[in-house]
Structure formats: structure tokens, C-alpha cells
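Undergrad: okay, predicted coordinates and the sequence, questions at the end:
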Amino acid sequence: MISRRKVLGAAGSAVVAQSARSYDRIVGANDRIQVGQIGCGQRAAGHRRMLKLSAATDPNFDFRSVCDIWSVNRERAADHAMELFGVRPKTFKYSEEMLADSALDAVMIATGDHQHARILAEVVQAGKDCYCEKPMANTLEDAKLARDAVRASRQVVQMGSQWLSDPYQARVREIVRSGRLGKIVSISQSWNFNGPRWHVPNDPNIKAIREQDTDWKRWLLGRPFRPFDPRVYFEFRIFKDFSGGITDQWYSHGSGLAHFYLDTLIPDDTVANGGIFAWHDVRENPDTFSCLSTFAEKGVLYSYSTTFGDSYGDHTIIRGTRGTLYSPGGEGSPQWWFIPEIQSAWRSNVVFDLKRGKPKPELVTLGGETTPPPIEQSDDLKHHTDDWFGSMRSRKTPNGGIETGFAHSVAVIMATRSYREGKKMYWDRKAEQITDRLVVRP
């Protein structure tokens, strides 16, 4: 495994020195959990709102500290925390400074896509539990680094794939597991948006930031050097050196949910296509993207698509030989319907025939509700931080544990590589490598 010092470069030895003492602070059932944040941008604000909501379930925590290499971000985050929790947290520029706090129990990571995995490894090696935004990683080297660091630790790690704790998605998985759909044959997702997502020409942050107020080399965190660029700093999702864009963001949720519904991890192969068809601005990543994957053991075809030039027709469809689960919403939609299959036959070859008329959709409920839930819900889902807190206290694996993070990372990397290289990508499960040819072993 790559060492911490090689990964972080400028990180000091304070974290390593504190690690053993931090293990003495493994959170117990009645402890007051001390929480900090690394990365204080927009998603970090969502994390703070999730914590505020979770205080209704588990108020026994303190929002202790924030860390961001840009001075404005960390002060803004501290002010927001003061509004939410009534106490202004400590502020730090560098992660190793914050992690040297032996009283700190847990850290939430909401940095750039390319930074998540390496900071996650740093956090667990410092003996802290962690909540890490998705994608966990967008290179296979970083995905293995983070996974191996977590496996070697005693830390509880929750991926920021918040839909894995949503009760409606759990209900869908229950139906799939029950066999009511019969043999699952395909899952398709189409989640769309109309607008130049992730690009704001007049972003006040871009105008405000100065190189001397941050640490550009630390921000790059091992990616190819380029001169300081405020637009790249804030709009990293549209630049290919730092993110796959749609793959890193929306597809990481989509693939993670496909794994969740099917009780499986990592597709066997993926082929992707797309391009910049709507928004010809500074972006390098596609605004229109589709991919197809197969899960060989399950015998399931999985399709995913996103268009940023039209918002019509969001859906998720899980098709089985005995029925279909259909959601008319996009990412994380809580509204689902079950539609039974009435007949399966080809001429005289009748597999089954229920002798019914037109099938009537049945609302998927948590407990007999008659009114459909909304098609959309907030990203700031309380259930996921509730699960994280409960897992830290019980020391159980949370809903979005490290293996789910590794799985969605591999799916993301396969899809990104397929799009960029114009090749079908395969996952070699034995060697844990992505290849552009099918590896057949005796």
C-alpha cells in the first residue's frame, strides 16, 4: 500500500504520532461524538444541515472543527456552524493540523472528487471515523489505497451515497429480494437536467479567491501540475484531470443503487458513449452520457444515461419476469410503483397466464400510505447521518461501508475510461484490474 507520506507529501508526522492515542477514543454508545469537516464548500454545507437534522435522533455530538485550505471557505463554514449549533468550531488550514486533535472522533470529507480517497486514508490512519463524499475515488490506485487503509483500521466509514439509507430504496430492495419480480433481467436509469451544470461564468468565488489565500499544490494532490486556475479550483467537475463529471457525480449514485438493489458489487463490463452536445463552454467532460453494463452472475443488463440539455423523462425501471418496479423520478426518488406481468407466452408456449385484464400499478409504500410520496427529495438525507452515528456507537458496518465505496469507484472508473478510450472495459475480479479485453481463466 502507498504510504501516507508519499500520498500527502506535505503532511507532517503529527497525525502518525497521534494515531495510537486516537484509538483510545473509539466512540461508545454513550460518548459525545466530536465531529469535524475537511473541505468546506457547498456539499459540506449540506453535511452540516444533515447533522442538524440528525440531532433530533442523536443530539449527543459536538460540531468541533472545520478545515479548508481556502481561508474564505473555512471562515464561512465556521459562521454557518455557529448559526446551526450555537458554537463556533475551531478552524484549520491543513488536515494534519486538525487530525492532530486527540479529542476529535469523526471527520466528514467534502473536498474535490480527486481528493476524497487520499484524505480518507489519512483520516482513518489518524484513528478517526469518517463520512466520505462520493465518488470515493476516480482512479483505481486511489480506490485501492483508501479501501486498504480502511480495512487495516478499526474505523467506521460511511460513503456519501445517501440513498443507501433511504427507506424507500430499502423497500425496493426488499421487493426485489422477495422474488415478487421474478428473475431480474434489467435495470435502467435516466436522470436528466436542462442547464450548463457545474459552470457559472460569474461565480463570485472565482472572482474572490487569490492564490496566496489557499494552497494550490495541496489542492492538486498528485494530479498533473498546472498554473493556479480559480475556475478549475471551483469547477473541477467539468475538467477531466480531476473528475469524470457525470460519471463521478450522478453515475456514482446510479451504479451504487444498482449494486444495492441487486445485492452485488461491480459490473463485469461497461461500454460508454456521449459527448458535449448542448453546452459548448469551457467543459472537457460530457454533458450527455450513456453506458451499458452487465452483471454476469446475476444475469442482468444495466443501463444508465444523463442528458444536461433536456430534463424530460427521468426514471428508474427494474424489470423482472413477473413484474416491474418503476420510479418516475430521478436520483433518489422516493416514488415507486409495482406493475405485475400478467402473461408470459409465445404462441402455444405458455410460461404463465394469470387470466387478468390490464395490470394496475400498485404504489410502493413503507406502511400502507395511500398518497404517493413526492417525485424528488433533498440530497441532505437525515437517514444517512443517523445510520453513521448509530454505526459509530455500535461499531457495525454502516449502510454505505467501504466495500460499497470501492464498488461504485470501480464502476465510475470503468465508465469514464470506456467513454474516453472508446473501448469496452472489463473488471478482472481475481486480479482486481480494469482491462480492455475479456480475461478468461480456467
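TA: Arrived safely.
Undergrad: next, give phi and psi for residue 143.
TA: Dihedral angles of residue 143 (phi, psi; degrees, to the nearest 10) stand at phi -60, psi -40.
Undergrad: run a quick neighbour tally on it.
TA: For residue 143, the neighbour count with other C-beta atoms under 10 Å is 24. Heads up, the C-betas are built off the backbone N, CA and C, glycines and all.
Undergrad: residues in contact with it?
TA: Neighbour list for residue 143: 117, 136, 137, 405, 406, 409, 410, 413 [criterion: C-beta atoms under 8 Å, 6 or more residues apart in numbering].
Undergrad: what about the fifth one, which SS state?
TA: Same thing as residue 406. Of the three states, residue 406 takes helix according to DSSP: H, G, I helix; E, B strand; the rest coil.
Undergrad: before we move on, the earlier item: which one of the contacts of residue 143 sits closest to residue 343?
TA: Minimum distance to residue 343 across those is 38.9 Å, recorded for residue 410 (C-beta to C-beta).
Undergrad: low pLDDT regions in this structure?
TA: By pLDDT under 70, the low-scoring segments of the chain are 1-25.
Undergrad: what about 50?
TA: 1-22 (pLDDT under 50).
Undergrad: so where do the strands sit in the stretch 301-442 of the chain?
TA: Under the criterion DSSP state E, counting those that start in this stretch, the stretch 301-442 of the chain contains strands at 309-310, 315-320, 323-327, 337-340, 343-346, 349-353, 362-363, 425-428, 433-435.
Undergrad: columns distance to residue 111 on top of these, output as TSV?
TA: Formatted as TSV, the strands of the stretch 301-442 of the chain follow (distance: least, C-beta to C-beta, whole Å):
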stretch	distance to residue 111
strand 309-310	29
strand 315-320	29
strand 323-327	31
strand 337-340	38
strand 343-346	50
strand 349-353	52
strand 362-363	40
strand 425-428	27
strand 433-435	24
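Undergrad: now render the ones you listed as TSV, adding mean neighbour count.
TA: Output for the strands of the stretch 301-442 of the chain, formatted as TSV (neighbours: other C-beta atoms under 10 Å):
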stretch	mean neighbour count
strand 309-310	13
strand 315-320	20
strand 323-327	20
strand 337-340	17
strand 343-346	11
strand 349-353	10
strand 362-363	13
strand 425-428	20
strand 433-435	15
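Undergrad: nearest to residue 85, out of those strands?
TA: Using C-beta to C-beta, the nearest of those to residue 85 is strand 323-327, at 34.9 Å.
Undergrad: which one of the contacts of residue 143 is nearest residue 442?
TA: residue 410 (24.2 Å).
Undergrad: who's in contact with the residue lying closest to the closest one once chain neighbours are set aside?
TA: Closest residue to residue 410 apart from its sequence neighbours, by C-beta to C-beta, 6 or more residues apart in numbering: residue 266 at 5.0 Å. The neighbourhood of residue 266, defined by C-beta under 8 Å, 6+ apart, consists of 259, 407, 410, 411, 427, 429.
Undergrad: run the last query once more with 6 Å
TA: If a contact means C-beta atoms under 6 Å, 6 or more residues apart in numbering, then residue 266 has 407, 410, 427 as its contacts.
Undergrad: quickly note the distance from the second one to residue 141.
TA: The one in question is residue 410. 12 Å (C-beta to C-beta, to the nearest Å).
Undergrad: sorry, back to before: which stretch of helix or strand covers the residue nearest to residue 410?
TA: Using DSSP states H and E, residue 266 falls within no helix or strand.
Undergrad: state the distance from the residue nearest the centre of the chain to residue 109.
TA: Centrality entry for the chain: nearest residue to the mean C-alpha point is residue 134, 2.9 Å, by C-alpha atoms, centre = their mean. Noted for residue 134: a distance of 10 Å to residue 109, by C-beta to C-beta.
Undergrad: check residue 44 too.
TA: As judged by C-beta to C-beta, residue 44 and residue 109 stand 9 Å apart.
Undergrad: same check on residue 345?
TA: In this view, residue 345 and residue 109 are 53 Å apart by C-beta to C-beta.
Undergrad: looking at the contacts of residue 266, which is nearest residue 271?
TA: Nearest to residue 271, judged by C-beta to C-beta, of those is residue 427 at 12.7 Å.
Undergrad: now that closest one, which residues is it bridged with?
TA: residue 434 (DSSP bridges).
Undergrad: burial of residue 179, as a residue count?
TA: That count, for residue 179 with other C-beta under 10 Å as the rule, works out to 12.
Undergrad: what sits against the nearest residue to it once chain neighbours are set aside?
TA: Closest residue to residue 179 apart from its sequence neighbours, by C-beta to C-beta, 6+ apart: residue 322 at 7.9 Å. Residue 322 makes contact with 181, 182, 341 under the criterion C-beta under 6 Å, 6+ apart.
Undergrad: can you tell me which of those residues is nearest residue 331?
TA: Nearest to residue 331, judged by C-beta to C-beta, of the contacts of residue 322 is residue 181 at 21.5 Å.
Undergrad: lovely, talk soon.
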